[in-house]
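S.K.: Show me how the following folds:
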Amino acid sequence: MRRVVITGMGTVNPLGNNVEAFKEAMFAGKNGIGLITKFDVTDSKYKVAGEVKDFDAVAIFGKKAVRTTDMFTLYALAASREAMEQSGIKGTVETDRIGVVFGSGVGGIDTLCTDHQNLLEKGPRKVSPHFVPKMIYNIAAGSIAIEQEANGPCIAVSTACATGTTAVGEGYRTILHGYADAMICGGAEAAINALCVAGFGNCQALSADPDPETACRPFDNDRSGFIMAEGAGVLVLEEYEHAVARGAKILAEVTGYGSTCDAHHITAPDPAATYVAKAIKDAMPADVTDLSKVYVNAHGTSTKLNDATETTALKLAFGEDAKKLHISSTKSMTGHMLGATGAVECIACVLALQNDTVPPTIHYTTPDPELDLDYTPNQAVKTPLEVALCSNLGFGGHNAAVSFKKI
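M.R.: Predicted structure coming up:
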C-alpha cells in the first residue's frame, strides 16, 4: 500500500495571509472575527464576520487578473503558491503525475451578485464577458492546474462545509491508489456579501450577536449560530517514496479518510450522529491506542445542533475514552469559511502535531451540561500529540474526516 505525506501548505484566512501568521495567531488564541466591512450592514441583522485582512490582490496578481478573476479564485491561487513553494515539488514530478482536487461551497458568488445587478440596472450588454469563468466554482481548481502545470486528475468538489476536507481526502485516495504521485488539495471561499449573509441568516444558521468577542462560541451553552468567514487552504500531498527520493521536508503523514452522508435533512445534521461517527472511525488509523495523544479539530460551528451532534459522534466513535481527546474549534477564531474551512483546519491539525500544541476554543465561558468533553477552552495547551483528526459536516448531510500522524 502506498503512503501519502504532506510536503507543502498555504493559507489565506482571517488570522493571517500565510501559514506562519496563521500559526502564531491561532496558538495565541487571537480573534479574527470583526465588524463587517465588505458591505453596508445598516439593514442587516448580522453585523460580524471573519474577513481576510490586508490582502492586496492587485499587488499580488495585477489589475487585469483582479478584474477577470473572482476573489475566491485569487485566494486559492495565493494559498496554492505558498504551498507549492514550500513543497518544492515543481519540476521534480512528471506533469501528468500531479493533479488537483479543489473546491468551494458557492464559488464566485460575488461575481454573480455584481453581474446580476448590472443586468437588472443596465441591461444584458453590461454583463461582463468574464462572468461565467469568474463565477463557476470549478474555476479555482482549473486555475491552480494551469498556473502549476498540473496535467493529472483535476477535480472540483463541493460537499458544502465539508468541501476542504473532502478535497484532501479524495487527493489522498488518488495517490494511495496510484493515479498520481502528488495532488494539490483544498478549498476557497469569498462569500461575505449581502446576499449570502441574508440567505444564511434567514435559514437561521447565523448568530445575530453583534459583538465579535461573543458571537462565535463553539460548545458554549450560550452559542447561537455560526459566523460567516472567507479564505483558502491548500495542502500538497505526495507519495511517500517520491518525497523521500527528492529530499523533501515531510510535514506529516495522511493516515485515513472517512466520507459518509447522513441522508437525513438538507441543512440539519442527524442528531443520532451515526454517520458522522462512522466517518471519524473510518478516518482514524487502526493502531491508535492512546487517545490522550489525539487532537480533534472539530467542525464546531457554534450552532446548537452541530456542536451537540459532534459531541455525540465522538462518544459513539470512541466510547468513554472520548473524554481523553483534545478537542477544539478553530472557528472560534476564524469564523466559518464554508468550502475553505476544512482545508484550513487540516493545516491547523498539522501545525498542532508539529508543535505539540492544541489550539484553543476561544470565547468559551459557560459550559453546556450536555457537552462534557475537553474542548480546550480559551488557552492553547502544550501536550505530546501523535495523531490529529479534522472532521467537517456540510449541508446535504455530507460528512468528511481526515487523520494525520507525525512522521
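S.K.: how does this protein divide up, domain by domain?
M.R.: Annotated domains of the chain cover 4-245, 259-405 [automatic domain parsing].
S.K.: Reformat those as TSV; add distance to Ala252 and mean pLDDT.
M.R.: Any C-beta I mention is one placed from the backbone N, CA and C, and that applies to glycine too. Formatted as TSV, the domains of the chain follow (distance: least, C-beta to C-beta, whole Å; pLDDT from 0 to 100):
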stretch	distance to Ala252	mean pLDDT
domain 4-245	5	98
domain 259-405	5	97
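S.K.: which stretch among the ones you listed comes nearest Leu251?
M.R.: Set against Leu251 and scored by C-beta to C-beta, these come closest in domain 4-245, at 4.5 Å.
S.K.: any idea how far that closest one is from the chain center?
M.R.: Centroid separation for domain 4-245 versus its chain: 8 Å, with C-alpha atoms, centre = their mean, to the nearest Å.
S.K.: first vs last residue of stretch 43-59, how far apart are they?
M.R.: With C-alpha to C-alpha, to the nearest Å applied, stretch 43-59 spans 33 Å between its terminal residues.
S.K.: Would you mark the buried spots in it?
M.R.: Of all the residues in stretch 43-59, those buried under the rule 16 or more other C-beta atoms under 10 Å are Tyr46, Lys47, Val48, Ala49, Gly50, Glu51, Val52, Phe55, Ala57.
S.K.: Make sure the first one is indeed in a helix.
M.R.: What that stands for is Tyr46. No: assessed with DSSP: H, G, I helix; E, B strand; the rest coil, Tyr46 is coil; it does not lie in a helix.
S.K.: May I have the host helix or strand of Gly187 as CSV, with CA atoms only?
M.R.: Assessed by DSSP states H and E, Gly187 sits inside strand 182-189. Output of strand 182-189 as CSV, limited to C-alpha atoms (Å, rounded to 0.1, in the frame of the first residue of the first chain):
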residue,chain,number,x,y,z
ALA,A,182,1.2,14.3,-6.0
MET,A,183,-2.0,16.3,-5.6
ILE,A,184,-2.8,20.0,-4.8
CYS,A,185,-5.8,19.9,-2.5
GLY,A,186,-8.0,22.3,-0.6
GLY,A,187,-10.8,24.8,-0.8
ALA,A,188,-11.6,28.5,-1.1
GLU,A,189,-14.5,30.9,-0.3
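S.K.: Next one: the residue nearest to Gln148 when sequence neighbours are not counted relative to Glu253, how far apart?
M.R.: In space, and not counting its chain neighbours, Gln148 is closest to Met84: 5.8 Å by C-beta to C-beta, 6 or more residues apart in numbering. According to C-beta to C-beta, to the nearest Å, Met84 and Glu253 sit 19 Å apart.
S.K.: and those two? which has more neighbours close in?
M.R.: A count of neighbours by other C-beta atoms under 10 Å puts Met84 above the other of Met84 and Glu253, at 23 against 19.
S.K.: buried ones in the helix or strand encompassing that one?
M.R.: Met84 belongs to helix 71-87 when assigned by DSSP H and E. Residues of helix 71-87 classed as buried under the neighbour-count rule (16+ other C-beta under 10 Å) are 71-84, 86-87.
S.K.: quick one: that helix to strand 182-189, angle?
M.R.: Between the axes of helix 71-87 and strand 182-189, defined by axes from the mean of the first three to the mean of the last three C-alpha atoms, to 10 degrees, the angle is 150 degrees.
S.K.: and whatever helix or strand comes next after helix 71-87, what does it pack onto?
M.R.: Following helix 71-87 in sequence order, the next helix or strand is strand 98-103 (DSSP H and E). Here strand 98-103 touches helix 139-148, strand 154-157, helix 163-176, strand 182-189, going by 3 or more C-beta pairs under 8 Å, 6 or more residues apart in numbering; DSSP states H and E.
S.K.: the strands in the stretch 301-407 of the chain, which residues?
M.R.: 326-328, 357-358, 381-382, 387-394, 398-405 (DSSP state E, counting those that start in this stretch).
S.K.: Neighbouring strands - and their directions - for the third one?
M.R.: Meaning strand 381-382. strand 357-358 (antiparallel) (DSSP bridges).
S.K.: what sits up against the strand it pairs with?
M.R.: Phe27, Tyr295, His326, Ser328, Leu351, Ala352, Thr376, Ala380, Val381, Lys382, Thr383, Leu385 (C-beta atoms under 8 Å, 6 or more residues apart in numbering).
S.K.: Most neighbours among those residues, please name it.
M.R.: Ser328 (30 neighbours).
S.K.: Ignoring the adjacent residues along the chain, who's closest to that residue?
M.R.: The shortest distance from Ser328 to any non-neighbouring residue, by C-beta to C-beta, 6+ apart, is to Thr376 (4.1 Å).
S.K.: Next, the angle from the helix holding Met84 to helix 139-148.
M.R.: On the basis of the same axes, to 10 degrees, helix 71-87 is oriented at 40 degrees to helix 139-148.
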